[in-house]
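Enquirer: sequence first, predicted model second:
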Amino acid sequence: MTLAPPPSSRVQLTEDGKLRHFLSVEHLPRSLLEDILDTAASFVDVGGRAIKKVPLLRGKTVVNLFFESSTRTRSTFELAAKRLSADVLNLDIAKSATSKGETLLDTLRNLEAMAADMFVVRHQDSGAPFFIANEVTPRVAVINAGDGRHAHPTQAMLDMYTIRHYKGGFAGLRVAIVGDILHSRVARSQIHALNILGAEEVRLIGPRTLLPTDVEQLGVTVFTDMAQGLKDVDVVIMLRLQKERMDSALLPSEGEFFRLYGLNNEKLRHARPDAIVMHPGPINRGVEIASEVADGPRSVILNQVTFGIAVRMAVMSMTISGQESNPDHGGDHGR
Amino acid sequence: MAARAHLLIRKGRVIDPLSGRDEVADLLVEDGRLVRIGASLDAPGAELIDAEGHWVIPGLVDACVHLSLPGSGRAGDIASETRAAAGGGITHMAAQPDCGPVDSTAVVRLIREQAGQAGFARVLPVAALTQGLEGNQLAEMATLARAGCIAVGQAGARVVDALVLKRGLEYAATFDLPVMFRPQDAALAGGGCAHDGPVATRLGLPGIPAVAESVDLARDLLLVEATGVRAHFQQISSRESLWLLREAKARGLPVTADVSIHHLLLDESAIEGFNSHCHVIPPLRGAADREALLAAVADGTIDAICSQHQPVGSSSKAAPFPASKPGISGLDSLLPLILKLVAEGALPLHRALDAVTAAPARCLGIQAGQLEAGRPASLCVLAADESRGLASHWLSAGRNSPWRNATLPGVVKLTVCQGRVSWLSD
């Protein structure tokens, strides 16, 4: 008996398996993730050219819907859309509509009237982009730019791009993700992506207060000791630690966290000699990572940002082309 | 309001879980009273109801319904929701104190008046234990009981201060008022919206751990023991809670418990895809919890099964999962889902029916849920093997249910509530 496709892939893919929304990495086929990485590779050069634009999204309107503010992520999406020649509208909803009591559904109905082609959504509630993809007209592509603790799929894919760039592939790789796993949408998306792409082992390292219940079921090995967890890994991904964690009794102090789980050169010695160090940013120096590592030769943190624009260009162009090949879209061609 | 019924219900399979009766028989209802159950009864002038091939069971008793009063933020009103109850074979329902709140005789009077005018089901208000459900000062429990409240409770608003709770229980015990508890420690629940398990972890939803319930239940049980009050625990959801309840019952504490029908049929996997129709409090827990809850109903650790009816408007569910309003509209589906559990072999028929009739009546301390000659007739004639899609027959104003698009067995043909016909299908 074949099982019905899980809901996330049903929403995200067209009937012939093309990406029409990008909401979560989970349940996507490996070939599709590799397509994203390959497409991104073709865009990496664009940033180096004198004229940094390709016309793939000419005449399309991309709306950045940020219900939670994030200058960095929004800027890279904006840049990616502009390099694809799209018109971009930035809406900082955190400060406008919802504070006046308008429901998310009301906000969406209003935005639909703008005849946008794509929503890039950042929202504090897990699942919000799924809700939006299900509620807006089918011809609008929805890209998840981070929802609650659930997913941040473009961040995970740019991390995969970075890993593939430096390590050549995923076979045999051991990857450690360190720190506040509990609140991290980035970690959840990275775990799915690494498992789909065939990494040898995904390790999580942190104190038990920052490890979610039953997280092993995501296909990871859990460590609470940094030396054991880092032993022989090829990639170390450090997560940002929010200051609020101390107030909610998850940790006693930044100092103790840094002593136990902060990455310095001494701890990094447990990893393989050619291990790379990554961080989704923005980094807290002296909290989760020491400057000697962040600015050191193994750090690829700044390259991640460059690759991030290419990966977002890839996902944007793929979802728009998935939307156009979608039967639901047919009626709008004559407009 | 319908006149007192004069009915001869013929040749139905009469099932009365309390007495154990299960036989084809006739029932005679005269002047609203169930006067006789027997073979080939004769009653000139009575309206004949042909129940051949149908079941005749006691009217269902629902121990947990959240009422729709203006200001409660719920869909519908008392008339619409009691009508949904009648259509679902329910004749008695305990209304939770979280509307109003039920801490003044004016609110009790309003509820009773509206329910009486509608005439579809007997609404039994539960009074607030503390004023405004705020957990600080005691409500006028004795006065509220005299106005018609059958018990006191706090609905979802837990009394944080253990001294206030202890005094509240002592005061309730003074008047032999049963206290209804819905255990969940707010700090441990910590703003969560789903069971703290593998599904919530994957979906990134803030979790409510099972210990949020059992820690609070442990405190409540110790205070019940210290005060000697009669206690009913509502919507038990976890295995750990069952250990505590079993132990308390074994020691002879005066406690009863219920579970919502949804927790017997669904587990945490139902929220996959961020299905806000499965957003309920307490959250749907793990598969092992669900199994344990079914076993606990079978062995009597859990006495009753309730609908936990909470009708909310469609806009309250049209939101991302954590922002959606919790609750399932349960009146329309309670009886069909009981039959589904029986059909799947999850519960024996008599125990399953007992859990929605005589057992909840016992938990609430009311006379109902049985077919007993001499008492006002409350019963339901049911085509148990007839299936239908629920959506086209849905009566509640709350359409928030994961079962709305299901096809389930059980069509209620006739409901008689306290001697009056409250539902007659065409």
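Expert: Received, thanks. Numbers count the residues shown, from 1 in each chain, chains lettered A, B, ... in the order given.
Enquirer: from here on, just use CA atoms for contacts and neighbour counts.
Expert: OK.
Enquirer: and stretch B:227-242, how far out from the chain middle?
Expert: 15 Å (Cα atoms, centre = their mean, to the nearest Å).
Enquirer: now the strands for the stretch 1-150 of chain B?
Expert: Applying DSSP state E, counting those that start in this stretch to the stretch 1-150 of chain B gives strands spanning B:7-16, B:21-30, B:33-38, B:47-50, B:55-58, B:60-65, B:90-95, B:122-128.
Enquirer: between the ones you listed, which one is nearest to chain A?
Expert: Of all these, strand B:60-65 sits nearest to chain A, with 27.6 Å by Cα to the nearest Cα.
Enquirer: next, the angle strand B:90-95 makes with that closest one.
Expert: Inter-element angle recorded for strand B:60-65 and strand B:90-95: 20 degrees (by axes from the mean of the first three to the mean of the last three Cα atoms, to 10 degrees).
Enquirer: give the contact list for residue 88.
Expert: Answering for chain A, as no chain was given. A:61, A:62, A:63, A:64, A:78, A:81, A:82 (Cα atoms under 8 Å, 6 or more residues apart in numbering or on different chains).
Enquirer: meant chain B, my bad for not saying
Expert: B:331, B:332, B:333, B:334, B:335, B:412.
Enquirer: of all pairs in those, which one is the farthest apart?
Expert: Greatest spacing in these, by Cα to Cα: B:331 and B:412 (12.4 Å).
Enquirer: the two: which is more packed in?
Expert: residue B:331 (30 against 24; other Cα atoms under 10 Å in any protein chain shown).
Enquirer: how near is the nearest residue to the more buried one once chain neighbours are set aside to chain A?
Expert: Take residue B:331 and drop its neighbours on the chain: the residue closest to it by Cα to Cα, 6 or more residues apart in numbering or on different chains is residue B:85, 5.4 Å away. For residue B:85, the distance to chain A equals 31 Å [Cα to the nearest Cα, to the nearest Å].
Enquirer: how about residue B:85, what does it touch?
Expert: Neighbouring residues of residue B:85 by Cα under 8 Å, 6+ apart: B:91, B:120, B:121, B:331, B:332.
Enquirer: near chain A, which residues of the stretch 201-350 of chain B?
Expert: Neighbours of chain A within the stretch 201-350 of chain B, by Cα under 8 Å from any Cα of the partner chain: B:201-205, B:272-274, B:318-323.
Enquirer: can you give me the helices for chain A?
Expert: For chain A, the helices defined by DSSP state H occupy A:7-12, A:30-44, A:71-83, A:104-112, A:128-135, A:153-167, A:185-196, A:226-230, A:244-247, A:254-261, A:265-268, A:291-294, A:301-324.
Enquirer: can you put these in JSON lines and add mean pLDDT and mean neighbour count?
Expert: Putting the helices of chain A into JSON lines (pLDDT from 0 to 100; neighbours: other Cα atoms under 10 Å in any protein chain shown) gives the following:
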{"stretch": "helix A:7-12", "mean pLDDT": "74", "mean neighbour count": "19"}
{"stretch": "helix A:30-44", "mean pLDDT": "96", "mean neighbour count": "18"}
{"stretch": "helix A:71-83", "mean pLDDT": "92", "mean neighbour count": "20"}
{"stretch": "helix A:104-112", "mean pLDDT": "83", "mean neighbour count": "14"}
{"stretch": "helix A:128-135", "mean pLDDT": "92", "mean neighbour count": "21"}
{"stretch": "helix A:153-167", "mean pLDDT": "97", "mean neighbour count": "23"}
{"stretch": "helix A:185-196", "mean pLDDT": "98", "mean neighbour count": "24"}
{"stretch": "helix A:226-230", "mean pLDDT": "98", "mean neighbour count": "20"}
{"stretch": "helix A:244-247", "mean pLDDT": "77", "mean neighbour count": "12"}
{"stretch": "helix A:254-261", "mean pLDDT": "96", "mean neighbour count": "17"}
{"stretch": "helix A:265-268", "mean pLDDT": "97", "mean neighbour count": "16"}
{"stretch": "helix A:291-294", "mean pLDDT": "96", "mean neighbour count": "17"}
{"stretch": "helix A:301-324", "mean pLDDT": "92", "mean neighbour count": "23"}
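Enquirer: mind putting these into a markdown table with distance to residue B:291?
Expert: Shown next, in a markdown table, are the helices of chain A (distance: least, Cα to Cα, whole Å):
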| stretch | distance to residue B:291 |
| --- | --- |
| helix A:7-12 | 25 |
| helix A:30-44 | 36 |
| helix A:71-83 | 45 |
| helix A:104-112 | 37 |
| helix A:128-135 | 31 |
| helix A:153-167 | 35 |
| helix A:185-196 | 29 |
| helix A:226-230 | 36 |
| helix A:244-247 | 36 |
| helix A:254-261 | 40 |
| helix A:265-268 | 46 |
| helix A:291-294 | 50 |
| helix A:301-324 | 43 |
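Enquirer: so can I have JSON lines of the ones you listed showing distance to chain B?
Expert: JSON lines is the format used below for these (distance: least, Cα to the nearest Cα, whole Å):
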{"stretch": "helix A:7-12", "distance to chain B": "5"}
{"stretch": "helix A:30-44", "distance to chain B": "19"}
{"stretch": "helix A:71-83", "distance to chain B": "20"}
{"stretch": "helix A:104-112", "distance to chain B": "7"}
{"stretch": "helix A:128-135", "distance to chain B": "5"}
{"stretch": "helix A:153-167", "distance to chain B": "13"}
{"stretch": "helix A:185-196", "distance to chain B": "7"}
{"stretch": "helix A:226-230", "distance to chain B": "21"}
{"stretch": "helix A:244-247", "distance to chain B": "14"}
{"stretch": "helix A:254-261", "distance to chain B": "22"}
{"stretch": "helix A:265-268", "distance to chain B": "28"}
{"stretch": "helix A:291-294", "distance to chain B": "28"}
{"stretch": "helix A:301-324", "distance to chain B": "20"}
